[in-house]
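Q: fold the following for me, if possible:
(chains A and B)
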Amino acid sequence: MINIKNLSKSFTKDGSAVIKAVDNMNLEIKNGEFVAIVGPSGSGKSTLMNIIGLLDVPDSGSYILNGKEVAKLSLDELAEIRNQKIGFVFQQFHLLPKTTAKENVEIPLIYSDKKDITGLAVSALKLVGLEERINHVSTELSGGQQQRVAIARALVNDPELILADEPTGNLDSKSGLEIMSIFQKLNRSGKTIVLITHDQKIAEHANRVVKIVDGKISEQYSVNSPRDAEKEIAEIKNSQEQEILERRN
Amino acid sequence: MKMHRIIKSGYKTVMAHKLRSMFMMLSVVIGIAALTVVISLGKGTEEKIMSQVKKLFSSNTIMIVAGKGKMESNQRMGSSSSTLKLDDFEEIKNRVSNVLEWDAVQISPDRQVSYSGRNTTAIISGQTTAAETVWNIDVKNGRFFTEAENRNLSRVAVIAPNVAKELFGTTNPVGEEIRVENIPFQVIGVIAPRGMDPHGIDKDSEILIPLNTVLRRVVNMDYLMLGKILVTDEKNIASTAKEVEQILREKHGINGNEASDFMIVTPTMINKMVKDINRVFNIYLPIVALISLIVGSIVIANLMLLSVNERRKEIGLRKAVGAKTKDILAQFLLESSSITIGSGILGIAIGLFALSFLYPRMGIPYSVSWGTLIICFVISVLIGILSGYFPARKAANLQPVEALN
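A: Residues are numbered from 1 along each chain as shown, chains lettered A, B, ... in the order given. Down below sits the predicted model:
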C-alpha cells in the first residue's frame, strides 16, 4: 500500500539552520498492517506522517500510494484521495467548536458524493460506542469521547488507511486503551493503520514498530504478541473492583 | 451535487457565530436601507415636479419668454424686455406650418381685488381666447371669454378657485361684479384648480382677463411677458422651435452673435432643468449612501479575514478530510454573500417601512420601483462577493499542514 523510497524533507529554522526532518528514508507498509512509528519529539515522525497522509509534500524521493506516484497528482486529486482513502486522527482531536458529534462526523461526507450522510455518520458513531452522544456539542464531551468522535470522522468514508498522530497523547491511560482497542478492532476488520506515538506501551499494540531518530529509521521489528487493549481494560476493571473489595474488608 | 451540503454547513457556521454575523449584517442593512430611502425619495420628488410641469407644459408646447435671462434667473414676473408683441405671434402663426394655436400672456401680480367689502390680492393674467386650449384650462362654472370680448376690451373676468373662495365664500360668483383696483369687472366663469407652477406662481390665485383689456385698461402697455405655442406635430418640435427663434430674431432686428431679447423653452429643456434640480437626490445622495455601503463592505471583509484567521484549524481540518480549494472558496463566499443578501433584503424592508412611516408625517413624496429594489439587491450581492473574495481566497490557499498546527 505504501512504498517510500529515498524520501527527504527539510525545514529552515530561524532563517538559516536547515533541519532534515526526514532524511533519505525507505519504508514499506503492506495492506492490513498495523504499524507504530515511535521516536523522540523532533525526530521527524509527524513530518513523515503528514507526507504519508498527503498533507505535505516531500523535497525529494518517491512516495507510491496504492501504486500511484503521489508527486504526479494534482491538488484536487490529492484532496479526493484524502477524502476517500485516508482517515486522520489527530492528537488535538480537531473537532469544530459549537458543533455536534454527528455534524463533526459528517464533514468528510460533505465533500464526497455519498448519500444519506446522516445515516453514515450515526453508524460510524455507533462503531466507536457513542450512539448516546450523537447530538452532544463537542465541548460537552470528555477527552476520550472527543477522540472517539474524531475516529468516527476518520472512519465515516470507509477509508483503507487510517493515520493516527499521537491519538492517545492527550488522554488518560484508560481512555487511551479504549482508543487502542478501537484501532485493534479496525485492524482486525482489514484496515491498514499507521500510528505515531512516543509511548512504548501504546506502540506494542501494533504488529510492527518502526523507530525513528533524526529523520532516519534506527530500528524496526515485528511484535510477536501485541498487547490486547481490551484485556488490559478488563484487568484494570478487575483490579479496581479488587481494591474496592479490599477496602470494604 | 455537493453544493447544498456546503450551503447547509455554511448556514450552520453563520448561526454558530450570531454576534459576528449580526455586526456584518448591521453594516449592510443600514447602507441598503439608506439607499432605498434616498432613491425612492429622489424618484418621488422628481415625479411630482414632473407631473406639475407636464400639467402646464405638455410635450407639444413651445414657450417664448421675453427678456434675455435664463429660466433659473429671477424673471418670475413682469417682463424685463418690451420687445415681444402680439404681431410677433401673428407672424409666427402665418409662417410656421407646424403651429396649431398660440396664446400670449401679460401678467400683473399683487393686485388688490374686492367684492362687496371683501378684499384679496390676485395675479391678473391677460390672455387670448386660445388660452383655454393652449393652457388646458377647465372652466367649471360659467364660461371663458370670447374673441369679441377681447376685441372690444370688455371688462369680463374668469377667476381661479382661491379668488372665488376669498371673495365669494359659498355664493355663486358668476354674474357678480368685482373690482380690480377700482376698475369693475363682471365674473363670467370659475376655473378648476391648477396648483403651483414650477416657478412657484399660484395658478389658483389668478384672475384671467382678455389680453387686450389688460394691456389697455389695467397695465397700459403694448408688450407681452410670454407666449405659448401648440404644435401639430410633436416630433418636429425642435426644428419648429428653431424656426420660431429665427423669425423672432429677424423681426426684432437681431443678427450674428448678438443675444436674443427673448428665450425659447421647449419640453426637452424643461425636463433637463427638472433633472438638474433633482441631481442632488439622484446622484449626490445615492453616492453618500454608496459610500456607507463601501464602509460596510470593508467591515465585512475585515470580519471575514478575522474569521479566516480564527478558523485556520477548521479550514485545515476540512482540507485534511478532503475539501478541495474550490470547496473552501465556495464556503466562504457563500457565507459572506448569504449574510449580505440577507441584510440586503432586510435593509430594503426597513427602507420601505421607513418611507411609509415618514410619508404621512413629513409629506415628502416617494416612489418605489422594481428598478430601485433590484439595484439595492444586486449591490448587496456584489458587496458579499467582493468583500468575501479575498478572505475566501486566503482561506482556500492555506496549506492543510500550516492550518492545522
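Q: what comes up buried for stretch B:266-273?
A: B:Thr266, B:Pro267, B:Met269, B:Ile270, B:Met273 (16 or more other Cβ atoms under 10 Å in any protein chain shown). Bear in mind the C-beta positions are built from the backbone N, C-alpha and C, glycine included.
Q: check which helix or strand the last one maps to.
A: Looking back up the chat, that one is B:Met273. Using DSSP states H and E, B:Met273 sits within helix B:267-277.
Q: three-state assignment of the closest residue to chain A within the stretch 201-350 of chain B?
A: Nearest residue of the stretch 201-350 of chain B to chain A, counting by Cβ to the nearest Cβ: B:Gly322, 2.3 Å away. Look at B:Gly322: counting by DSSP: H, G, I helix; E, B strand; the rest coil, its state is coil.
Q: what count of nearby residues applies to it?
A: The tally of other residues near B:Gly322 (other Cβ atoms under 10 Å in any protein chain shown) stands at 24.
Q: I'd say it and A:Ala79 touch.
A: Yes. In terms of Cβ atoms under 8 Å, B:Gly322 counts as a neighbour of A:Ala79; the distance is 5.4 Å.
Q: quick check: neighbours shared by the two?
A: A:Tyr111 (Cβ atoms under 8 Å, 6 or more residues apart in numbering or on different chains).
Q: most centrally placed residue in the chain?
A: The chain I'm using is chain A. A:Ala164 (1.2 Å; Cα atoms, centre = their mean).
Q: look at chain B instead
A: Most central in chain B (Cα atoms, centre = their mean) works out to B:Glu46, at 1.4 Å.
Q: ok, and the closest non-adjacent residue to that one?
A: B:Asn278 (4.5 Å; Cβ to Cβ, 6 or more residues apart in numbering or on different chains).
Q: is the one you found in contact with B:Glu47, as I believe?
A: No. Contact criterion Cβ under 8 Å: B:Asn278 and B:Glu47 do not qualify, at 9.8 Å.
Q: okay, now the unreliable bits of the chain?
A: No chain specified, so I'll use chain A. Applying pLDDT under 70 to chain A flags no residue at all.
Q: wait, I meant chain B there
A: B:1-2, B:55-56, B:69-80, B:198-199.
Q: domain parsing for it?
A: As given by automatic domain parsing, the domain ranges for chain B are B:3-51+B:277-404, B:68-260.
Q: coming back round to it: what's the helix holding B:Met273 packed up against?
A: helix B:18-56 (3 or more Cβ pairs under 8 Å, 6 or more residues apart in numbering or on different chains; DSSP states H and E).
Q: and the host helix or strand of A:Ser46, what does it pack onto?
A: Here A:Ser46 is covered by helix A:45-52, with elements defined by DSSP H and E. Applying 3+ Cβ pairs under 8 Å, 6+ apart, we find helix A:45-52 packed against strand A:2-13, strand A:17-29, strand A:34-38, strand A:60-65, strand A:161-165, strand A:192-197.
Q: any idea of the angle that helix forms with strand A:60-65?
A: Relative orientation of helix A:45-52 versus strand A:60-65 (axes from the mean of the first three to the mean of the last three Cα atoms, to 10 degrees): 60 degrees.
Q: now what about helix A:45-52, what contacts it?
A: Helix A:45-52 has contacts (Cβ under 8 Å, 6+ apart) with A:2, A:4, A:7, A:9, A:21-22, A:25, A:27, A:37-39, A:56-58, A:63, A:65, A:163, A:165, A:194, A:196, A:212, A:215, B:401.
Q: so the host helix or strand of B:Lys313, near chain A or not?
A: Assigned by DSSP H and E, B:Lys313 falls within helix B:312-320. Yes. On the criterion Cβ under 8 Å from any Cβ of the partner chain, helix B:312-320 is in touch with chain A at B:Lys313, B:Glu314, B:Gly316, B:Leu317, B:Arg318, B:Lys319, B:Ala320.
Q: measure whichever residue of chain A sits closest to chain B to B:Val28 for me?
A: Nearest residue of chain A to chain B (Cβ to the nearest Cβ) works out as A:Asn83 at 2.3 Å. Separation of A:Asn83 from B:Val28 (Cβ to Cβ, to the nearest Å): 35 Å.
Q: so which of the two has more stuff around it?
A: B:Val28 (28 against 23).
Q: what distance do you get for the closest residue to that one other than its chain neighbours to B:Thr13?
A: Leaving aside its chain neighbours, B:Val28 sits nearest to B:Ser343 (3.8 Å; criterion: Cβ to Cβ, 6+ apart). Per Cβ to Cβ, B:Ser343 is found 17 Å from B:Thr13.
Q: of those two, who's got more company?
A: Neighbours were counted for B:Ser343 and for B:Thr13 using other Cβ under 10 Å; B:Ser343 has more, 28 against 20.
Q: on that earlier part again, any idea how far the helix holding A:Ser46 is from the chain center?
A: Helix A:45-52 sits 11 Å away from the centroid of its parent chain (Cα atoms, centre = their mean, to the nearest Å).
Q: now it against strand A:17-29, angle please.
A: When the same axes, to 10 degrees is applied, the directions of helix A:45-52 and strand A:17-29 differ by 60 degrees.
Q: got the contact list for B:Val231?
A: Counted by Cβ under 8 Å, 6+ apart, B:Val231 has contacts B:Asn60, B:Thr61, B:Ile62, B:Asn98, B:Val99, B:Leu100, B:Ile237, B:Thr240.
Q: can you rerun that using 7 Å?
A: B:Asn60, B:Ile62, B:Asn98, B:Val99, B:Leu100, B:Ile237, B:Thr240 (Cβ atoms under 7 Å, 6 or more residues apart in numbering or on different chains).
Q: which of these sits closest to B:Lys251?
A: B:Val99 (15.0 Å; Cβ to Cβ).
Q: so the closest one makes contact with B:Ile92?
A: Yes. B:Val99 lies in contact with B:Ile92 (Cβ atoms under 7 Å); the separation is 6.0 Å.
Q: going by residue numbers, what spans are strands in the stretch 251-400 of chain B?
A: According to DSSP state E, counting those that start in this stretch, the stretch 251-400 of chain B carries its strands in the segments B:262-265.
Q: residues of the stretch 251-400 of chain B that sit close to chain A?
A: The stretch 251-400 of chain B has residues B:313-314, B:317-325, B:327, B:400 near chain A, with proximity defined as Cβ under 7 Å from any Cβ of the partner chain.
Q: now for those residues: which two are most distant?
A: Of all pairs in these, the most separated under Cβ to Cβ is B:Lys313 and B:Lys324 at 18.3 Å.
Q: neighbour-wise, which of the two wins?
A: The residue with more neighbours, out of B:Lys313 and B:Lys324, is B:Lys324; 22 against 17, by other Cβ under 10 Å.
Q: surely the more buried one is in contact with A:Ile81?
A: No. Using Cβ under 7 Å, B:Lys324 and A:Ile81 do not qualify as a contacting pair, with a distance of 11.5 Å.
Q: now do the shared contacts for these two.
A: By Cβ under 7 Å, 6+ apart, no residue touches both B:Lys324 and A:Ile81.
Q: check which residues of the top helix by length along chain A are buried.
A: Of all the elements of type helix in chain A, the one with the most residues (DSSP state H) is helix A:229-248. The neighbour-count check on helix A:229-248 (16+ other Cβ under 10 Å) flags A:Ala229, A:Glu232 as buried.
Q: what's in contact with it?
A: So helix A:229-248 is contacted by A:Lys174, A:Leu177, A:Glu178, A:Met180, A:Ser181, A:Gln184, A:His205 (Cβ under 7 Å, 6+ apart).
Q: mind putting those residues in JSON lines, distance to B:Lys251 and secondary structure included?
A: Formatted as JSON lines, the contacts of helix A:229-248 follow (distance: Cβ to Cβ, whole Å; DSSP: H, G, I helix; E, B strand; the rest coil):
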{"residue": "A:Lys174", "distance to B:Lys251": "114", "secondary structure": "helix"}
{"residue": "A:Leu177", "distance to B:Lys251": "114", "secondary structure": "helix"}
{"residue": "A:Glu178", "distance to B:Lys251": "110", "secondary structure": "helix"}
{"residue": "A:Met180", "distance to B:Lys251": "112", "secondary structure": "helix"}
{"residue": "A:Ser181", "distance to B:Lys251": "113", "secondary structure": "helix"}
{"residue": "A:Gln184", "distance to B:Lys251": "113", "secondary structure": "helix"}
{"residue": "A:His205", "distance to B:Lys251": "115", "secondary structure": "coil"}
